[in-house]
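*Asks:* sequence first, predicted coordinates after that:
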Amino acid sequence: MPALSLSSSTKAKLDAILEKAALELPGCFFTVVSAKSVLYSNRTGRFDVLKPAGPGNEVDESTVLCFFSTTKLLTSVAILQLIDRGLLTLDTPEITIATLLNQSSGFGAEFGPKVSAWKKQAENLFEPLGITDTTFYPHRTPEFKERVMPLRFWDEEKSEFQLLTNQFDGLKLPRETEDIEYPVAGGGIYTSPSSYASILQSLLRDYTSPSSNFTPTLGLSPSSLASLFKGTLSNSALPGLASVMGRMSPQSKEWKSGDSDWTTGLCLWNKRKTGEDGKEWGHLEGFCGWGGAGNTMMGIDPKAGIALVWSSNFLPPNETRAKKVTLEMEMVLYEGLGL
């Protein structure tokens with residue numbers, strides 16, 4: 001099979017979409033990888049959207065941002081690693097009423113061993129890939145803190161970006177390391193888009209590579225890898241997921257029960273998008289991904305042989321312009337791949 005690639009014209013189209021988006025939004029990032037190479041990677045725009053554009057206020061490859069709910073996949077991989085080592089099972093009763101009462105469940109972990117669990121995640125997930133810019137503690141050093149892109153809030157009514165204060169209940173980022181009581185396994189990771197893409201690339205490579213004479217980079221067994229791409233929900237749970245996806249997706253009118261499912265770490269799309277002309281487009285059936293509150297979207301498309309990460313960095317989630325950009329880039333990308 002010939003190696004995947006994108007033409008210079010496709011890359012130019014993606015560049016144009018990204019640059020146009022960055023005129024209105026905080027800095028924008030888009031990375032596409034195959035199992036073996038980086039097909040496209042670009043970032044452009046303001047590091048802080050509240051400051052004028054220009055030198056000293058530009059995102060670059062070292063920029064770090066909060067990836068919010070896309071942290072869930074990383075936690076899933078870490079748990080699957082423990083399962084493959086025989087330390088857990090999918091049915092292990094980790095949290096009990098007793099551990100909640102004695103502060104050792106892992107939610108606060110004030111007295112329990114789970115308080116340092118993030119260090120194990122770093123050893124088992126990030127270090128094998130040479131990733132050094134991923135952490136639950138973004139204020140650990142002054143140098144790292146300077147790389148963290150400030151999260152801003154878009155006020156639709158006033159049509160302006162603002163400092164994030166109390167506009168969005170439940171999403172208030174820590175200001176210092178001391179403010180972080182415990183690593184939030186469902187939404188607390190800080191990383192760069194390129195590093196997150198390398199994790200997706202590793203999973204794509206491990207999942208799509210022949211099982212014989214192959215050692216997975218992250219040490220997951222074939223069954224654990226497969227579980228990340230296989231639906232797990234009962235039929236009774238599918239309507240609830242469809243309702244959630246309908247609220248989040250630009251194609252809300254199209255979502256029906258069974259169109260999506262949930263694996264051990266990702267949302268599974270069971271169909272492609274359909275245009276007004278009746279033709280299918282975009283990611284293929286079997287695409288697995290999720291988004292983050294800061295208008296981040298990521299996913300792995302095993303049939304297409306790619307993984308991708310798109311991100312800006314602002315609230316509220318699923319903002320109209322950000323969703324429009326992701327759709328435009330998805331259309332250009334898959335057309336460029338001939339899919």
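*Replies:* Here it is on my side, so go on.

*Asks:* which residues touch F136?
*Replies:* 118, 180, 183-184, 188-190 (C-beta atoms under 8 Å, 6 or more residues apart in numbering). Quick note: C-beta positions are derived from backbone N, CA and C, even for glycine.

*Asks:* do the same with E330
*Replies:* E330 makes contacts with 282-283, as judged by C-beta under 8 Å, 6+ apart.

*Asks:* quick one: it is in a helix?
*Replies:* Yes. Per DSSP: H, G, I helix; E, B strand; the rest coil, E330 lies within a helix segment.

*Asks:* follow-up on the earlier one: which of the contacts of F136 are buried? Put it as a PyMOL command.
*Replies:* Burial among these is assessed by 16 or more other C-beta atoms under 10 Å; the matching PyMOL selection reads:
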select buried, resi 118+180+183+184+188+189+190
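
*Asks:* now distance to D15, secondary structure and pLDDT too, for the contacts of F136, in a markdown table please.
*Replies:* A markdown table is the format used below for those (distance: C-beta to C-beta, whole Å; DSSP: H, G, I helix; E, B strand; the rest coil; pLDDT from 0 to 100):
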| residue | distance to D15 | secondary structure | pLDDT |
| --- | --- | --- | --- |
| W118 | 36 | helix | 50 |
| I180 | 36 | coil | 72 |
| P183 | 36 | coil | 71 |
| V184 | 34 | coil | 77 |
| G188 | 32 | coil | 88 |
| I189 | 28 | coil | 91 |
| Y190 | 26 | strand | 93 |
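
*Asks:* out of the contacts of F136, which one sits closest to D259?
*Replies:* I189 (28.1 Å; C-beta to C-beta).

*Asks:* could you measure from the closest one over to V59?
*Replies:* 18 Å (C-beta to C-beta, to the nearest Å).

*Asks:* which stretches of the chain aren't confidently modelled?
*Replies:* For the chain, applying pLDDT under 70 flags the ranges 1, 94, 98-122, 170, 172-175, 181-182, 210-213, 249-254.

*Asks:* name the nearest residue to the residue nearest the centre of it, ignoring sequence neighbours.
*Replies:* Nearest to the mean C-alpha position of the chain, by C-alpha atoms, centre = their mean, lies T70 at 3.6 Å. Using C-beta to C-beta, 6 or more residues apart in numbering and skipping residues adjacent in sequence, the residue nearest T70 is G292, 4.5 Å away.

*Asks:* just the helices in the stretch 201-339 of the chain please.
*Replies:* Assigned by DSSP state H, counting those that start in this stretch, the stretch 201-339 of the chain shows helices spanning 222-227, 238-248, 320-336.

*Asks:* residues in a beta bridge with W290, which ones?
*Replies:* M298 (DSSP bridges).

*Asks:* now for it: which residues touch it?
*Replies:* 69-70, 72-73, 266-267, 297-299.

*Asks:* and Q162, that one's in a strand?
*Replies:* Yes. Counting by three-state DSSP, Q162 falls inside a strand.

*Asks:* list the contacts of it.
*Replies:* 50, 152-155.

*Asks:* just the buried subset of those, please.
*Replies:* Buried members of these, scored by 16+ other C-beta under 10 Å, are 152-154.

*Asks:* export these to TSV and tack on distance to L18 and secondary structure?
*Replies:* Formatted as TSV, those follow (distance: C-beta to C-beta, whole Å; DSSP: H, G, I helix; E, B strand; the rest coil):
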residue	distance to L18	secondary structure
R152	19	strand
F153	22	strand
W154	18	strand
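
*Asks:* in TSV, list those residues along with distance to T63.
*Replies:* Putting these into TSV (distance: C-beta to C-beta, whole Å) gives the following:
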residue	distance to T63
R152	14
F153	19
W154	19
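
*Asks:* closest to T10 out of the helices of the stretch 201-339 of the chain?
*Replies:* Closest to T10 of those is helix 320-336 (C-beta to C-beta; 3.2 Å).

*Asks:* start and end of stretch 292-311, how far apart?
*Replies:* 9 Å (C-alpha to C-alpha, to the nearest Å).

*Asks:* do the same with stretch 299-312
*Replies:* 16 Å.

*Asks:* show me what counts as buried in that stretch.
*Replies:* So, applying 16+ other C-beta under 10 Å, buried residues of stretch 299-312: 299-302, 304-312.

*Asks:* keep only those of the residues you listed that are in strands.
*Replies:* The strands, defined by DSSP state E, take in 299-301, 306-311 from the buried residues of stretch 299-312.

*Asks:* quick one: the strands in the stretch 1-150 of the chain?
*Replies:* 28-34, 38-44, 65-66 (DSSP state E, counting those that start in this stretch).

*Asks:* want to throw those into JSON lines with distance to P93?
*Replies:* Formatted as JSON lines, the strands of the stretch 1-150 of the chain follow (distance: least, C-beta to C-beta, whole Å):
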{"stretch": "strand 28-34", "distance to P93": "37"}
{"stretch": "strand 38-44", "distance to P93": "42"}
{"stretch": "strand 65-66", "distance to P93": "31"}
